[in-house]
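# Quick one: sequence plus predicted model below, questions after.
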Amino acid sequence: MVKIRIAVVIFVLWISSMMTLAQAVASPQATISDPYGQLSAAPKKITVVSVPGLSFLELDPQDSKQDRAVVRTLPHIKELKHKSAWGALNIRTPGKGLEDVYISMGTGQIAEANSGVAGIQTSEQLGGEKAWQKHQRVTGISASGSKDGIVVPQMEVIKRLNASNYYHARPGLLGESLEAAGIHVSVWGNLDLMKAEAGLKETDLGRTYRRYASLMLMNEAGKVQQGDVSGSGLIMDSSRPYGIRTNYSWLMDRWREQVNPALVLLELGDLGRLYDERDSYSKEAFMSMKQEVVKELDRFIGELTRAMEMKPGGVGELWLLSPQINGEAAKEKALLAPIMMYSPSGKEALLTSATTRRSGLITIVDIAPTLLRAYGIQIPKEMIGLPAVGESTADALPKLLKDLQHMQSVYSQRPKLLYGLAVYEIIVMLGALAVAWYFTGSSSLGKRGITLWRSLLFSLLIAPLGLLLMGWLTFQSEGTTAAVMGGIFGISIIIALAAARIRRGFVFGLAAIGLTVTGVILYDGFHGSIAMQRSVLGYDPMIGARYYGIGNEFMGVLLGAALLGLTALQQALRLSRRPRRAVPEPEGSSTASGAFAPAPAREAAFADALLPAPVGFAAWRMPPLGAFALWPRASAPAVPLRTAASTG
């Protein structure tokens, strides 16, 4: 009990010292700019421009000179960076479809939709009937035949699908909340591959006609108040992908017609159509067409912002986001999509939310709560997302792009590094067991052999520390990884050599490694977990299962290192004590000769087995594993203790 109390006291003192140090040197938090801190129904118009296929490669080319030419075609977007909040949007959903992203943004929760769903003009022909007739027949809800309305005939299928999955999202929750608050909601544009003129076939929905944007702003009945997702917003042009292009002047006219308060969703499909047809292009023709498409997009954004700046009060907002990245970005592991929130009175900032607690990073489930808070609407409890806010940051966009490059590097290195480390651990452990089983004495293996294998075993214990320290590096590459791995082996060799020269050095080495790893993890945890967030053992923001906290991997390392360090330290202190002088055995005693020992000796041996020695130490003391034993079996320090106990 005394030893247990000592161990507990040491552990408590260790934790207390780390917390005190954290409070002493902790850096102040970034300034948070929350324009929606006070809920107020301001008569504003928020314009959400959705560009499927847009990625951070268009904003930050990394290699190709042609990609840099694309960036030069974005002068208007670049001008907005000083009045915008920038962020990376995690668009990952279980279904991995564009329709799943839109419906998740509209529910504030992970939701699903079938690929064949679509928003259709109420007056459009769908099969042998009007779209509003089909919607009214399958839902039982009266629908107007107004040309401006949009319906989703598959709404009941969507509801059943989400009622039966894990998340139980409520499709249409965002649109329902906005309508109840008197906000005018409208959706314009589409991602169609053909201009619809004579009517639609249900088999073409989700293939030729891709109209998923309505899923974001529809109400719970599967309707959108106003908008046009038909072919009206497209122009026939044989020089463009699939022979069509977006009619930007038509979109601008529709935008001007919307009265405050309003939420306007504009879907621009030219870039997405270009990437869908990419395999048919030569490299030069594709890049030339991409520059033209991006230039038109940038010009339209510039026209929108100029019109917003002319409005009195500066209460309008422009959100530019991508619900789907392109194939090039996926190959480069740039899996996070760009999002920009601009306001004429805004300041340069990085977006964040309580969902991620990471600067510059939000998720699709944060979109709906942020929109509701912008209009002063209470956020429904069914939404798990949280409103995004801006952290005032100088050079926000360059900083975000730098962080994204680091995330990409970690994401690409994670499989190779962790799989390689796992294979290395298996080889070292099996090799150590084989060598320990074959050699029965330290003299058989030799001091150099023992030092070598102890170095390899030490490297297994130090490896998590190296992976954590990599998170503090400003950049990561294969060369950096190789240098860290080399440092791990070098430190392991140094500790093994030092342990060979110091009495009881092996157990002291284990204690030093365990306590050092524990201390570094605690230090990082009390200082914002910067290294954990950027380590290959930490949470992956591109996967998005979780974004903050210590995580299963580092929690396991922390517990294992703390137990190893404290128990090894206790063992080292016990071995450092001067052993009690053994009492000579009386004549006729058979204890020393190995015969059956009297009851007190057996009890002493049993008590000795219950001493809180680490499991690893117990393994090394097994007779077949004498090569790595901390002491020769013949001179084990427990023998005098047993003898003394047996004699009273």
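Looks like it arrived, so ask away.
# Just want the phi and psi numbers for the residue nearest the centre of the chain.
Centroid-nearest residue in the chain, with C-alpha atoms, centre = their mean: residue 541, separated by 1.6 Å. Per-residue torsions, residue 541: phi -70, psi -20 (degrees, to the nearest 10).
# Would you mind measuring from it to residue 355?
Computed as C-beta to C-beta, to the nearest Å, the residue 541 to residue 355 distance reads 11 Å. (C-beta placed from N, C-alpha, C; glycine too.)
# Now the common contact residues for these two.
Shared contacts of residue 541 and residue 355, defined by C-beta atoms under 8 Å, 6 or more residues apart in numbering, are found at residue 547.
# Am I right that residue 408 is in a helix?
Yes: Residue 408 forms part of a helix when assessed by DSSP: H, G, I helix; E, B strand; the rest coil.
# Could you tell me the per-residue confidence at it?
pLDDT recorded at residue 408 is 87.
# Excluding chain neighbours, what is closest to it?
residue 333 (4.7 Å; C-beta to C-beta, 6 or more residues apart in numbering).
# And for residue 366?
Per C-beta to C-beta, 6+ apart, closest to residue 366 is residue 385, 4.2 Å.
# Show me the helices in the stretch 351-500 of the chain, by range?
367-374, 396-438, 442-445, 447-469, 478-501 (DSSP state H, counting those that start in this stretch).
# First-to-last residue distance for stretch 349-367?
With C-alpha to C-alpha, to the nearest Å as the measure, stretch 349-367 spans 17 Å from end to end.
# Residue 411: neighbour count?
18 (other C-beta atoms under 10 Å).
# do residue 182 as well
Per other C-beta under 10 Å, the neighbour tally for residue 182 reads 11.
# likewise residue 552?
For residue 552, the neighbour count with other C-beta under 10 Å is 11.
# and it, what does it touch?
No residues are in contact with residue 552 under the rule C-beta under 8 Å, 6+ apart.
# Where do the domain boundaries of the protein fall?
45-394, 413-583+598-648 (automatic domain parsing).
# hey, least reliable of those by pLDDT?
domain 413-583+598-648 (a mean of 73).
# Would you mark the buried spots in stretch 254-274?
254-255, 258, 261-274 (16 or more other C-beta atoms under 10 Å).
# How about stretch 351-369?
351-353, 355-356, 358-369.
# What backbone torsions are found at residue 527?
phi -120, psi 30.
# Tell me how far it lies from residue 541.
In terms of C-beta to C-beta, residue 527 sits 19 Å off from residue 541.
# just to revisit the earlier point, could you list which of the buried residues of stretch 254-274 belong to strands?
Using DSSP state E, the members of the buried residues of stretch 254-274 that fall in strands are 262, 263, 264, 265, 266, 267.
# could you redo the residues you listed as JSON lines and give each row distance to residue 416?
Converted to JSON lines, these look like this (distance: C-beta to C-beta, whole Å):
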{"residue": "262", "distance to residue 416": "49"}
{"residue": "263", "distance to residue 416": "44"}
{"residue": "264", "distance to residue 416": "45"}
{"residue": "265", "distance to residue 416": "41"}
{"residue": "266", "distance to residue 416": "41"}
{"residue": "267", "distance to residue 416": "38"}
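# Of those, which is the nearest to residue 302?
For these, the closest approach to residue 302 (C-beta to C-beta) belongs to residue 266, at 14.3 Å.
# So what does the residue nearest to residue 182 when sequence neighbours are not counted have for phi and psi?
Closest residue to residue 182 apart from its sequence neighbours, by C-beta to C-beta, 6+ apart: residue 261 at 7.1 Å. Note on residue 261: its backbone torsions stand at phi -80, psi 140 [degrees, to the nearest 10].
# With residue 92 instead?
Dihedral angles for residue 92 - degrees, to the nearest 10 - are phi -70, psi 130.
# That one: neighbouring residues, count only.
Quick note: residue 92 (other C-beta under 10 Å) scores 20 neighbours.
# Relative to residue 558, how far out is the residue lying closest to it once chain neighbours are set aside?
Spatial nearest neighbour of residue 92, excluding adjacent residues (C-beta to C-beta, 6+ apart): residue 544 at 5.0 Å. Separation of residue 544 from residue 558 (C-beta to C-beta) stands at 23 Å.
# Show me which of the two is the more surrounded one.
Neighbours per residue (other C-beta under 10 Å) separate residue 544 from residue 558, with residue 544 holding more: 21 against 18.
# For the more buried one, give its distance to residue 498.
Applying C-beta to C-beta to residue 544 and residue 498 gives a distance of 44 Å.
# Could you pull up the contacting residues of residue 165?
Neighbouring residues of residue 165 by C-beta under 8 Å, 6+ apart: residue 112.
# List the backbone torsions phi and psi for it.
Torsion angles, degrees, to the nearest 10, at residue 165: phi -90, psi -170.
# related to what we said a few turns ago, determine the number of other residues adjacent to the residue nearest to residue 366.
Residues near residue 385, counting by other C-beta under 10 Å: 24.
# before we move on, what about residue 229?
Neighbours of residue 229 using other C-beta under 10 Å come to 28.
# ok, it to residue 168 distance?
Distance from residue 229 to residue 168, by C-beta to C-beta: 28 Å.
# Residue 365 too?
14 Å.
# residues bridging contact with those two, i.e. touching both?
Joint contacts of residue 365 and residue 168 (C-beta under 8 Å, 6+ apart) are residue 109.
# contacting residues around the residue nearest to the centre of the chain?
Contacts for residue 541 were tallied using C-beta under 8 Å, 6+ apart; they are 88, 90, 336, 356, 358, 361, 407, 533, 547.
# if we go to 10 Å?
Residues near residue 541 by C-beta atoms under 10 Å, 6 or more residues apart in numbering: 88, 90, 92, 335-336, 356, 358, 360-361, 363, 403-404, 407, 410-411, 533-534, 547-548.
# for residue 482, same thing?
By C-beta under 10 Å, 6+ apart, residue 482 lies in contact with nothing.
# same question, residue 174
Contacts of residue 174 by C-beta under 10 Å, 6+ apart are 103, 105-108, 185, 216-220, 263, 367-369, 371-372, 377, 380, 383.
# What distance do you get for residue 366 to residue 180?
Taking C-beta to C-beta, one finds residue 366 at 21 Å from residue 180.
# same deal with residue 455?
68 Å.
# which of those two has more neighbours?
A count of neighbours by other C-beta under 10 Å puts residue 455 above the other of residue 455 and residue 180, at 19 against 10.
# was I right about that one contacting residue 432?
No: with contact defined as C-beta atoms under 10 Å, residue 455 and residue 432 do not form a contacting pair (11.0 Å).
# Name the SS class of the residue nearest to residue 92, please.
Going by three-state DSSP: residue 544 is coil.
# Residue 93 is in contact with that one, correct?
Yes: counting by C-beta under 10 Å, residue 93 is a contact partner of residue 544 at 9.5 Å.
# Could you tell me which residues touch both of these two?
Here residue 544 and residue 93 share the contacting residues 110, 364, 365, scored by C-beta under 10 Å, 6+ apart.
# In space, what's closest to the last one - neighbours in sequence excluded?
Right, the one you point to is residue 365. Per C-beta to C-beta, 6+ apart, closest to residue 365 is residue 385, 3.3 Å.
# so who does that neighbour touch?
Here residue 385 is in contact with 104-105, 107-110, 353-355, 362-370, 379 (C-beta under 10 Å, 6+ apart).
# now swap in residue 424 and tell me
Listed by C-beta under 10 Å, 6+ apart, the contact set of residue 424 reads 456, 459, 460, 463, 485.
# now it: how far from residue 451?
With C-beta to C-beta as the criterion, residue 424 and residue 451 are 19 Å apart.
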